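Enquirer: One predicted model, sequence on top.
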Amino acid sequence: MPVAVLLLLPVVLSAQTIQNATLRRAQQSFENLDYRQALSSAHASLRERLTGYERARAYELLG
């Protein structure tokens, strides 16, 4: 059974990476302390198709 868990680990980790370019830009802006751009990009990303994790991250960036 532990082998199955190890085989699924990359799937779980890849599910939590941000694929949406606008949200990635928001995350990058946040990390660079450019909060105005982070808020603008996060808000714009909500108008696009996002995974559940990405949508949650966008709302986290918006505060």
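Expert: Yep, that arrived. Because the structure is a prediction, the values reported are computed rather than measured. Numbers count the residues shown, from 1 in each chain.

Enquirer: For E54, grab the count of nearby residues.
Expert: 22 (other C-beta atoms under 10 Å). Every C-beta, even on glycine, is put in place using the N, C-alpha and C of the backbone.

Enquirer: hmm, I was thinking of L61
Expert: 19.

Enquirer: Who are the contact partners of it?
Expert: 26-27, 30, 38-39, 42 (C-beta atoms under 8 Å, 6 or more residues apart in numbering).

Enquirer: likewise Q37?
Expert: 25-26, 29.

Enquirer: Which secondary structure element is home to T17?
Expert: Here T17, judged by DSSP states H and E, is contained in no helix and no strand.

Enquirer: now the strands: where do they sit in this structure?
Expert: In the chain, no segments count as strands under DSSP state E.

Enquirer: where does it dip in pLDDT?
Expert: Scanning the chain for pLDDT under 70 picks out the ranges 1-15.

Enquirer: neighbours around the residue nearest to L46 when sequence neighbours are not counted, how many?
Expert: Closest residue to L46 apart from its sequence neighbours, by C-beta to C-beta, 6 or more residues apart in numbering: A58 at 5.4 Å. By the measure other C-beta under 10 Å, the count of residues near A58 is 23.

Enquirer: so A58 touches S45, yeah?
Expert: Yes - here A58 lies in contact with S45, judged by C-beta atoms under 8 Å, at a distance of 5.0 Å.

Enquirer: can you list residues touching both of the two?
Expert: Contact criterion C-beta under 8 Å, 6+ apart; residues shared by A58 and S45: 23, 26.

Enquirer: Go through the contacts of Q37 and name the one nearest Q16.
Expert: Nearest to Q16 among these: A26, at 15.9 Å, using C-beta to C-beta.

Enquirer: Return the residues in contact with that closest one.
Expert: Going by C-beta under 8 Å, 6+ apart, A26 touches 37-42, 44-45, 58, 61.

Enquirer: OK, contacts around S40?
Expert: Shown in contact with S40 (C-beta under 8 Å, 6+ apart): A26.

Enquirer: ok, it to A26 distance?
Expert: Remark: distance between S40 and A26 (C-beta to C-beta, to the nearest Å) = 8 Å.
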